[in-house]
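Asker: What follows is a predicted protein model with its sequence.
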Amino acid sequence: MLRVGNLVKQYINEAGERKGGVSGVSFDVKEGELFTLLGPSGCGKTTTLRSIAGLEHPDSGLIQLDGRDLFDSRSDIQLPMYERDIGMVFQSYAIWPHMSVFENAAYPLRTRRNGHLSREEIESRVMRSLEMVGLSEYRNRSATKLSGGQQQRLALARALVREPKLLLLDEPLSNLDALLREQMRSEIKRLQTEWGVTTIYVTHDQSEAMALSDRVAVLNNGMIAQMGTPIDIYDRPRCEFVANFIGRTNLLRGTLASQVRAGDIAAVHTSIGAIRCMFSSSMTAGHQISFVIRPENIELQRLNGVASDTAPNSVSGLIQGKVFLGEVAEYTIGVDGDHKLIARTHPSIGLNRGDRVRASFPENKVIAICD
Amino acid sequence: MPGVLALLLLSFIRAFESFEVPAIVGLAGNIEVLSTSIYQSSRATTPPNFGQAGAYSVCLLAFLACLLYFYGRLSRHAHRYQTITGKGYRPRVIDLGRGRYASMLVLVAILLFVIGLPLAIIVFVSFQPFFGSFSIASLSRWMLKNYATVIGPGFFRSTLVNTLVLGTVTASLVVPFTALCAWLAVRRKPAAWVLDQLATAPLTFPSIVMGVAFLQVFVNLPFPLYGTLTSVIVASAVAYLPYGMRYAYAGVLQIHSDLEEASTASGAPQMQTFIKIVLPLLSASMISCWLFVFLLAVRAMSLPLLLVGPGSSLVAVSLFDLWQNGQVTELAAMGTVWVALMTCVSGCFYLVARRYRILTA
Ligand SMILES: Nc1ncnc2c1ncn2[C@@H]1O[C@H](COP(=O)(O)OP(=O)(O)OP(=O)(O)O)[C@@H](O)[C@H]1O
Ligand SMILES: [Mg+2]
């Protein structure tokens, strides 16, 4: 459906260096899919989105929508945005203050160049999209008299009214408060599935990306660090950056003592003791390995007296901090003095600061990353 | 902020190149400033000494060019100051509380003193057969003859009409043109900086210098433009381009570029975006700009002074002539009518602005 191939767009900063933007991004988005570009601030998400929309002129690369070239640096094609059949929702909503709600939503239909629409048709299509976002009773209201959430909905209705081939959403929820954000998140998901429109969603919020997306591309420094389904990315991060960026993580480092083959279970010595896990690829001895352990995969047990055995994937430590987060409690455990592990459990476990605990993690929940 | 600084700069330049006050107050006391010297050497002496006028003009120009350079630096990082965005755009009324009455009182007092007093004297004089000081006896000499002269058909009436035409046409030419130029310039469209520079250039020309320049051009044209109202309109439109430009520029700066990109994303080509989105959002600035240029054009004296001919007399110029001829009472009557008319124009604009709930930019 949408193909982005080796897209490069770099900005020249004040010192004249090429900096920022994106340097070689490639991905495919399938029909009807909700594809998310996720990454920290400044990693090039907006740049990618604006290049697809045609608001930015990329340095090189290829952008194809439905088999049609939108941009191709080799044959020098750059389709202007108004011919791209793409709907876009801006981070600032960009609702026109001089128009009513209805006029805002009708604008894309009025500017349609191929095939003039009759009054009735415009009316019915606008009302359909306003109903979809629950704004039909506000149709005559001035657009400035809408709340933040309503403006957001209107921006969505306006982007969808033309039934574009592709919908681009640039951090559409970042200006809303927590409650509204959650509400709009499910709303967007519902709208997207109902209209079946192929969507690219940009966000820096990993929980948003996890909740919404069919597939996610994690961007770092203008490049794609990893691409896959949310579960894939969460469970099998391919680099430390992705592991750290998606969810809370314990990262432990060690050196491989002997060669392993794919599928082997081996132990590696780390700063908190031996860690056993399954390796998904073969590696030679001497490799630097990072282990990712998600806090919710660490099991805590109260220890009475001194720990005796030193089994792999199990350490004893002292609880140094406790944060109550509602449905879970997050504990910081000091191991061997200055090493720390983060664990999350149900608050009913009733551990407190100063308690001695055993922290253990099953070997199939440890992810080995080699850089 | 750039809006305020731009205004500050404009006020300074206007004070520097001002001609009217030095001409009326200063010439009597033999105090000459650059602008009056230019007038003296090109009009008041016979034969006109255009060379000397040109030399004075160049001096003025050089200084003002420096000021403009600073303006350019100031507005370079313009996009940082965008204030109208698509969200939370709501005009607010600020409640000053009890301080409101006190500040109102002070303001009214100042206004009364600065504007009211001179105005009262003008109105008084306009009902007198000759210019004299205020006395009980003078009250018995009330008459309307001056007004009959001014309003009745003939020279004065055509002067009024000419001036209104001048103001309206000039403002209506300047406003749409500068709106387009400012938009192109702010959005950094290719080669738009050339437009911006061209439209700003007349700012460096004090209007009296502008007058000299246009005088030369019109005199040398193959078709008879010199002395016509059209010539004054053309010169005024060019002279006030920068002012329109500054208003429009400040206006466009306030429009967040997302609002335009949202229009492009809706399938609208550039020109349609300009007409349907930019112009309406600019309307507040454009209305105040229109009024500003209108008022500038109709009250300007130094520019038309050098250009008007017998068939194209203008109020400001006629007032100046009346003053030089010592016809103070007619001057007062004409001034009164003029002030009344201009107050009406401003009032109408205020109402229009209120109606559309636009706060002047
Ligand atoms: N117009 C520009 N001129 C120069 N540099 C720019 C410009 N726009 C973006 N950049 C740089 O390019 C990089 C990527 O910017 P981009 O806007 O794509 O980030 P982003 O991922 O959308 O970040 P955020 O989550 O904060 O919106 C940033 O480092 C930014 O400084
Ligand atoms: Mg961004």
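Answerer: Yep, it's here. Computed from a predicted model, the values in this text were never measured in an experiment. Ligands and ions are numbered 1, 2, ... in the order given.

Asker: Could you check how far A:Asn364 is from A:Phe279?
Answerer: 12 Å (Cβ to Cβ, to the nearest Å). No exception for glycine: its C-beta is placed from N, CA and C like everyone else's.

Asker: whoops, B:Phe19 was the one
Answerer: For B:Phe19 relative to A:Phe279 (Cβ to Cβ), the value is 88 Å.

Asker: Show me which of those two is the more surrounded one.
Answerer: B:Phe19 (24 against 19; other Cβ atoms under 10 Å in any protein chain shown).

Asker: Could you point out the helix or strand that follows the longest helix along chain B?
Answerer: Longest helix of chain B, by residue count under DSSP state H: helix B:155-186. With elements assigned by DSSP states H and E, the helix or strand that comes after helix B:155-186 is helix B:192-200.

Asker: next structured bit after that following helix?
Answerer: Criterion used, DSSP H and E; the element after helix B:192-200 is helix B:207-220.

Asker: buried residues in that next one?
Answerer: For helix B:207-220, burial by neighbour count (16 or more other Cβ atoms under 10 Å in any protein chain shown) applies to B:207-215, B:218.

Asker: and these as a markdown table, adding pLDDT and distance to A:Arg110?
Answerer: Formatted as a markdown table, the buried residues of helix B:207-220 follow (pLDDT from 0 to 100; distance: Cβ to Cβ, whole Å):
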| residue | pLDDT | distance to A:Arg110 |
| --- | --- | --- |
| B:Ser207 | 72 | 44 |
| B:Ile208 | 73 | 50 |
| B:Val209 | 75 | 48 |
| B:Met210 | 77 | 44 |
| B:Gly211 | 78 | 48 |
| B:Val212 | 77 | 51 |
| B:Ala213 | 80 | 46 |
| B:Phe214 | 82 | 44 |
| B:Leu215 | 80 | 50 |
| B:Phe218 | 81 | 46 |
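
Asker: Which of those residues sits closest to ligand 1?
Answerer: The nearest member of the buried residues of helix B:207-220 to ligand 1, counting by Cβ to the nearest ligand atom, is B:Met210 at 38.8 Å.

Asker: The strand or helix carrying B:Ala297 versus helix B:207-220: what angle between them?
Answerer: If you go by DSSP H and E, B:Ala297 is part of helix B:279-299. Here helix B:279-299 runs at an angle of 80 degrees relative to helix B:207-220 (axes from the mean of the first three to the mean of the last three Cα atoms, to 10 degrees).

Asker: C-alpha coordinates for helix B:279-299, CSV please?
Answerer: The C-alpha trace of helix B:279-299 is given here as CSV (Å, rounded to 0.1, in the frame of the first residue of the first chain):
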residue,chain,number,x,y,z
LEU,B,279,-6.9,36.2,4.0
PRO,B,280,-9.8,35.6,6.5
LEU,B,281,-7.3,35.1,9.3
LEU,B,282,-5.6,38.3,8.2
SER,B,283,-8.8,40.3,8.0
ALA,B,284,-8.2,41.9,11.4
SER,B,285,-4.8,43.2,10.4
MET,B,286,-6.0,44.1,6.9
ILE,B,287,-8.9,46.3,8.3
SER,B,288,-6.6,48.1,10.6
CYS,B,289,-4.0,48.3,7.8
TRP,B,290,-6.6,49.8,5.4
LEU,B,291,-7.6,52.4,7.9
PHE,B,292,-4.0,53.2,8.7
VAL,B,293,-3.0,53.7,5.1
PHE,B,294,-6.2,55.6,4.4
LEU,B,295,-5.5,58.0,7.2
LEU,B,296,-1.8,58.3,6.2
ALA,B,297,-2.8,59.1,2.6
VAL,B,298,-5.4,61.7,3.3
ARG,B,299,-3.4,63.6,5.8
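
Asker: Which elements pack onto that helix?
Answerer: helix B:155-186, helix B:229-253, helix B:315-325, helix B:328-355 (3 or more Cβ pairs under 8 Å, 6 or more residues apart in numbering or on different chains; DSSP states H and E).

Asker: Those: which one's closest to A:Glu327?
Answerer: Smallest distance to A:Glu327 across the helices and strands packed on helix B:279-299 (Cβ to Cβ): 47.7 Å, for helix B:229-253.

Asker: helices or strands up against the closest one?
Answerer: By 3+ Cβ pairs under 8 Å, 6+ apart, helix B:229-253 packs against helix B:2-17, helix B:155-186, helix B:192-200, helix B:207-220, helix B:279-299, helix B:302-307.

Asker: Buried residues in the longest one, which are they?
Answerer: Under the neighbour-count criterion of 16+ other Cβ under 10 Å, helix B:155-186 has B:156, B:159-160, B:162-171, B:173-175, B:177-186 buried.

Asker: swap in the fifth one?
Answerer: When burial is assessed from 16+ other Cβ under 10 Å, helix B:279-299 yields the following buried residues: B:279, B:281-299.

Asker: Dump the helices and strands packed on helix B:279-299 into CSV; add mean pLDDT as well.
Answerer: Shown next, in CSV, are the helices and strands packed on helix B:279-299 (pLDDT from 0 to 100):
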stretch, mean pLDDT
helix B:155-186, 88
helix B:229-253, 86
helix B:315-325, 79
helix B:328-355, 80
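
Asker: quick one: the helix holding B:Ala297 to helix B:155-186, angle?
Answerer: Counting by the same axes, to 10 degrees, helix B:279-299 lies at 140 degrees to helix B:155-186.

Asker: that older thread, now do the longest helix of chain B against helix B:192-200, angle only.
Answerer: Counting by the same axes, to 10 degrees, helix B:155-186 lies at 160 degrees to helix B:192-200.

Asker: what's near enough to touch A:Val216?
Answerer: Contacts for A:Val216 (Cβ atoms under 8 Å, 6 or more residues apart in numbering or on different chains) come out as A:35-36, A:38, A:209-210, A:227-230, A:233.

Asker: how does it look with 10 Å?
Answerer: A:34-39, A:201, A:203, A:206, A:209-210, A:226-234, A:242, A:246 (Cβ atoms under 10 Å, 6 or more residues apart in numbering or on different chains).

Asker: That one belongs to a strand, doesn't it?
Answerer: Yes. Assessed by DSSP: H, G, I helix; E, B strand; the rest coil, A:Val216 belongs to a strand.

Asker: from the chain's centre, how far out does stretch B:300-316 sit?
Answerer: 15 Å (Cα atoms, centre = their mean, to the nearest Å).

Asker: What residues sit buried inside that stretch?
Answerer: B:300-308, B:312-316.

Asker: Reformat these as a markdown table; add distance to chain A.
Answerer: Shown next, in a markdown table, are the buried residues of stretch B:300-316 (distance: Cβ to the nearest Cβ, whole Å):
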| residue | distance to chain A |
| --- | --- |
| B:Ala300 | 33 |
| B:Met301 | 38 |
| B:Ser302 | 39 |
| B:Leu303 | 36 |
| B:Pro304 | 37 |
| B:Leu305 | 42 |
| B:Leu306 | 43 |
| B:Leu307 | 40 |
| B:Val308 | 41 |
| B:Ser312 | 40 |
| B:Ser313 | 42 |
| B:Leu314 | 37 |
| B:Val315 | 36 |
| B:Ala316 | 37 |
